[in-house]
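Q: Take this sequence and fold it.
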Amino acid sequence: MNEKAVNIGWHLIGWLIFLVLPVVTLPTLIERYETNNCFLINYTVLSVPIIGFFYFNYHFVIPRFYFKQKQVAFIAVIIGFTLGTLLLSIIYFRLFSMNCNANEGTIRDLLRATLPRLIIIFIISFAMRLNVRIKSIEMEKSKAELALLRTQINPHFLFNVLNNIYGQAIIKSAHTADSIAKLSDLMRYSLNEANVSTVSLEKEIAYLNNYLLLQKLRLTDKTVVEFKIIGPPTTWQISPMLFIPFIENAFKYGISNEVETNIKISLEIEKEALDFRVENDMLPDKVRIAESNQIGIKNVKNRLALIYGNRYHLTIKDADKQYKVHLKIFA
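A: Here you go, the predicted model:
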């Protein structure tokens with residue numbers, strides 16, 4: 001069942017409750033309903049403009065006037081429609097209802113029954129439309145935030161890569177052209193995929209491989225980097241550039257050209273879940289920095305919450321001079 005059909009169903013249920021509840025809960029209305037068929041007809045007919053008032057206010061008046069800061073016009077249209085509805089109700093009452101049954105009531109009774117319902121419907125339609133507006137603004141804000149997070153590239157990483165490529169060019173290394181091509185692919189991916197919600201996992205893995213190869217340009221034999229993939233990535237779609245902040249942190253706080261360090265990265269791919277892990281040795285002088293610099297991780301957590309809701313589990317541990325990240329995303 002699609003979303004539109006579900007929405008229509010909720011509207012029908014809501015109107016059924018709104019129209020039937022007064023009839024079945026108020027003793028006087030129950031008595032009229034049982035003894036006077038004319039009351040039921042009039043009650044139903046006079047409910048039609050009230051229902052029309054809801055959709056007129058929800059779809060036209062509020063978006064056209066209130067949201068565009070035209071408050072005077074908004075109030076004038078609401079008052080005009082309310083008076084018009086009451087006038088049509090009075091005309092109907094005089095032409096049909098008063099000849100239907102002498103005990104059907106007076107015009108004053110009609111106004112007492114119709115005006116409160118119009119006010120209630122106005123409040124409900126206004127609250128519902130405002131709620132949709134707030135959610136829409138939050139969604140646009142979330143999209144903008146996600147686009148920004150996806151396009152972020154660590155400037156220090158870019159600076160280091162360019163320096164290394166420059167060094168390769170000076171010594172006329174055979175790897176210079178390949179390094180430039182990988183950096184170009186990296187930049188193209190971050191720009192082209194920034195505005196899409198999902199990409200194939202294969203593309204994301206290729207991006208990570210390029211990133212790791214470029215990082216290795218500045219490493220010595222003292223640093224060992226492992227990237228292990230378990231399982232085929234053919235069936236998975238994932239939000240782009242989701243894993244890279246954790247890998248960036250591993251390089252930021254876990255490499256040194258003076259002491260031996262290890263960075264282990266693994267991605268286990270199953271039908272029901274993705275299991276991503278990063279583990280590296282924390283350098284003694286980096287521990288305090290890692291604890292104080294939480295902005296990047298906070299952004300990642302916000303992004304995961306926005307995209308996956310409760311379909312993920314993330315743990316980050318920095319104990320015993322080791323930094324461990326475990327992220328599990330469920331299908």
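
Q: Confirm K317 sits in a strand?
A: Yes: judged by DSSP: H, G, I helix; E, B strand; the rest coil, K317 forms part of a strand.

Q: Now do the same contact list for V45.
A: Applying Cβ atoms under 8 Å, 6 or more residues apart in numbering to V45 gives the contacts Y92. In this view, the C-beta of every residue, glycine as well, is placed from N, C-alpha and C.

Q: what about it, which helix or strand?
A: Secondary structure assignment for V45, by DSSP states H and E: helix 37-56.

Q: What segments of the stretch 201-331 of the chain are strands?
A: Counting by DSSP state E, counting those that start in this stretch, one finds strands in the stretch 201-331 of the chain at the ranges 223-230, 237-238, 261-269, 273-281, 312-319, 322-330.

Q: got the ones you listed as a markdown table, with distance to V300, mean pLDDT and mean neighbour count columns?
A: Compiled in a markdown table, the strands of the stretch 201-331 of the chain are given as follows (distance: least, Cβ to Cβ, whole Å; pLDDT from 0 to 100; neighbours: other Cβ atoms under 10 Å):
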| stretch | distance to V300 | mean pLDDT | mean neighbour count |
| --- | --- | --- | --- |
| strand 223-230 | 19 | 88 | 14 |
| strand 237-238 | 14 | 86 | 17 |
| strand 261-269 | 16 | 89 | 18 |
| strand 273-281 | 12 | 89 | 20 |
| strand 312-319 | 8 | 84 | 14 |
| strand 322-330 | 9 | 89 | 18 |
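
Q: Dump the ones you listed to CSV, plus distance to L183.
A: Output for those, formatted as CSV (distance: least, Cβ to Cβ, whole Å):
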stretch, distance to L183
strand 223-230, 18
strand 237-238, 23
strand 261-269, 20
strand 273-281, 22
strand 312-319, 29
strand 322-330, 25
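
Q: so which of the ones you listed comes closest to E138?
A: strand 312-319 (19.8 Å; Cβ to Cβ).

Q: who does that closest one touch, helix- and strand-wise?
A: The contact analysis (3 or more Cβ pairs under 8 Å, 6 or more residues apart in numbering; DSSP states H and E) places strand 312-319 against helix 287-292, helix 295-308, strand 322-330.

Q: Can you spell out the domain ranges of this protein, please?
A: The record's domain split for the chain, according to automatic domain parsing, is 36-141, 152-330.

Q: Output these as JSON lines; include the columns distance to G14.
A: As requested, these are arranged in JSON lines below (distance: least, Cβ to Cβ, whole Å):
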{"stretch": "domain 36-141", "distance to G14": "9"}
{"stretch": "domain 152-330", "distance to G14": "26"}
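
Q: check contacts around K228.
A: Residues near K228 by Cβ under 8 Å, 6+ apart: 264-267.

Q: Which one of these is nearest to I8?
A: Nearest to I8 among the contacts of K228 is L267, at 42.7 Å by Cβ to Cβ.

Q: Was I right to think that closest one contacts D275?
A: Yes: with contact defined as Cβ atoms under 8 Å, L267 counts as touching D275 (7.3 Å).

Q: who wins for proximity to A5 among the strands of the stretch 201-331 of the chain?
A: strand 237-238 (25.7 Å).

Q: Quick one: distance of that closest one to the chain centre.
A: Relative to its chain's centre, strand 237-238 lies at 16 Å (Cα atoms, centre = their mean, to the nearest Å).

Q: repeat for stretch 176-187
A: Relative to its parent chain, stretch 176-187 has a centroid offset of 34 Å by Cα atoms, centre = their mean.

Q: Alpha carbons of stretch 168-176, as CSV, please.
A: Only the C-alpha atoms of stretch 168-176 are listed here, as CSV (Å, rounded to 0.1, in the frame of the first residue of the first chain):
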residue,chain,number,x,y,z
GLN,A,168,57.2,12.1,-7.1
ALA,A,169,57.3,14.5,-10.0
ILE,A,170,60.7,15.9,-8.9
ILE,A,171,62.2,12.5,-8.8
LYS,A,172,60.3,11.5,-12.0
SER,A,173,58.6,8.6,-10.3
ALA,A,174,56.7,6.2,-12.5
HIS,A,175,53.8,6.4,-10.0
THR,A,176,53.2,10.1,-10.5
